[in-house]
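Q: Just the structure for this:
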Amino acid sequence: MRDMKGQKTAWVTGASSGLGLHTAMALRDDGWQVIAGARSFSREESNQDGIIRLGLDVTSEESVREFCRKAAEIALPDAVVQCAGLLVLGSCEETATEEFRRVIDTNYLGMVRMNREVLPLMRKRGGGKIVLFSSINGLMGIPFQSAYTASKHAIEGYAECLMLETAPFGIQVMLVEPGDHRSGSEKYRPHAAAMSDGSPYTEAYASATAQIHYDETNGSDPDQLGRKIAKLLDRKRIPFRKRIASTDQHLAVYIHRFLGARINAAVLRRYYIRGKK
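A: Got it, this is the predicted structure:
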């Protein structure tokens with residue numbers, strides 16, 4: 001073990017860019033020892049800017065086991081924050097099965113793999129905190145993000161099961177549901193291969209993806225999100241759900257929850273698909 005006496009340790013997945021990177025930096029700045037994993041990192045351990053980096057591909061059982069083995073040699077986790085994610089933009093009809101599989105394998109099954117390795121370590125220590133990054137899309141769907149939305153809905157249900165099963169062992173679970181933030185890389189937001197100018201959804205798709213791009217470009221501060229997560233993890237007890245979003249996105253969730261499906265659909269279509277009835 002190489003952790004400093006009394007220093008808490010967080011393992012963070014998907015930490016090469018986006019919200020994972022900002023969360024890792026916030027935890028480091030808050031005094032945590034951060035062991036970060038991402039597919040783009042070298043397989044060999046490196047320490048840059050006070051963050052220990054290890055290679056990690058959450059879609060690979062072997063890579064997950066190897067990351068956890070190496071990370072545990074450095075320090076066992078007080079918290080594991082799972083941020084690895086991928087989004088594919090495309091219509092439900094034209095998003096290929098393999099594209100759905102890739103998104104779900106990364107966003108949802110990646111968490112399942114990590115937790116299978118982490119839970120025995122936390123049970124042995126008598127507790128720990130697991131943070132799972134869901135999304136506003138885990139609560140409601142928007143057009144042309146069906147693969148991403150499906151993966152986040154899966155995380156929501158899975159987290160409820162995980163929380164119920166692990167509470168007797170002193171393990172706490174928190175779902176983070178971010179709205180749009182200024183972060184991430186376009187390489188993790190590819191378009192479905194079948195989408196083309198000949199698609200029957202072309203006009204609606206262009207409108208929706210332009211709005212999605214605008215919302216992300218003009219989204220909330222990712223550093224602020226990272227600091228909020230660090231502050232929550234400093235608590236003795238963490239909430240099961242924490243939505244971190246703008247006021248209008250909170251409102252969209254309330255509309256989805258409390259108004260009928262027809263009204264909700266009308267609101268979302270008006271917002272994303274301009275000029276379409």
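
Q: could you pull out the strands for this protein?
A: 9-13, 33-38, 46-48, 51-55, 79-82, 128-133, 171-178, 241-244 (DSSP state E).

Q: May I have the strands that pair with the last one, each with its orientation?
A: Read that as strand 241-244. strand 171-178 (parallel) (DSSP bridges).

Q: Make a markdown table out of the strands of the chain and add distance to residue 139.
A: In short, each C-beta sits where N, CA and C put it, glycine included. A markdown table is the format used below for the strands of the chain (distance: least, C-beta to C-beta, whole Å):
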| stretch | distance to residue 139 |
| --- | --- |
| strand 9-13 | 22 |
| strand 33-38 | 26 |
| strand 46-48 | 35 |
| strand 51-55 | 31 |
| strand 79-82 | 18 |
| strand 128-133 | 13 |
| strand 171-178 | 7 |
| strand 241-244 | 8 |
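
Q: how about the ones you listed, which one is nearest residue 95?
A: strand 128-133 (21.5 Å; C-beta to C-beta).

Q: Now that closest one: average pLDDT?
A: For strand 128-133, mean pLDDT is 98.

Q: Could you do stretch 209-224 as well?
A: For stretch 209-224, the mean per-residue pLDDT is 91.

Q: Give me the distance between the two termini of that stretch.
A: 25 Å (C-alpha to C-alpha, to the nearest Å).

Q: So which bits of it are buried?
A: 209, 211, 212, 215, 216, 219, 220, 222, 223 (16 or more other C-beta atoms under 10 Å).

Q: Same question for stretch 145-163.
A: 145-156, 158-159, 162-163.

Q: rewinding a little: what's the closest of the buried residues of stretch 209-224 to residue 268?
A: Closest approach between the buried residues of stretch 209-224 and residue 268, by C-beta to C-beta: residue 211, at 10.5 Å.

Q: Surely that closest one is in contact with residue 271?
A: Yes - if you go by C-beta atoms under 8 Å, residue 211 and residue 271 touch, sitting 6.8 Å apart.

Q: Identify all contacting residues around the lengthiest helix in the chain.
A: Determined from DSSP state H, the single longest helix within the chain is helix 146-166. Residues from elsewhere that reach helix 146-166, judged by C-beta atoms under 8 Å, 6 or more residues apart in numbering: 86-88, 90-92, 95, 99-100, 103-104, 106-108, 111-112, 115, 119, 122, 130, 132-135, 137-142, 172-173, 175, 240.

Q: Next, the angle from that helix to strand 128-133.
A: Counting by axes from the mean of the first three to the mean of the last three C-alpha atoms, to 10 degrees, helix 146-166 points 160 degrees away from the direction of strand 128-133.

Q: And the average pLDDT for helix 146-166 is what?
A: In this model, helix 146-166 carries a mean pLDDT of 98.

Q: and if you look at stretch 251-260?
A: Predicted confidence along stretch 251-260 averages 86 (mean pLDDT).

Q: Could I get the CA-only coordinates of that stretch as PDB?
A: Taking Å, rounded to 0.1, in the frame of the first residue of the first chain, the C-alpha atoms of stretch 251-260 are listed here in PDB:
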ATOM      1  CA  LEU A 251     -38.300  21.500 -14.800                       C
ATOM      2  CA  ALA A 252     -38.200  19.100 -17.800                       C
ATOM      3  CA  VAL A 253     -37.900  16.200 -15.300                       C
ATOM      4  CA  TYR A 254     -40.800  17.400 -13.300                       C
ATOM      5  CA  ILE A 255     -42.900  17.800 -16.500                       C
ATOM      6  CA  HIS A 256     -42.000  14.200 -17.500                       C
ATOM      7  CA  ARG A 257     -42.800  12.900 -14.000                       C
ATOM      8  CA  PHE A 258     -46.100  14.700 -13.200                       C
ATOM      9  CA  LEU A 259     -47.700  15.500 -16.600                       C
ATOM     10  CA  GLY A 260     -49.200  13.000 -19.000                       C
END
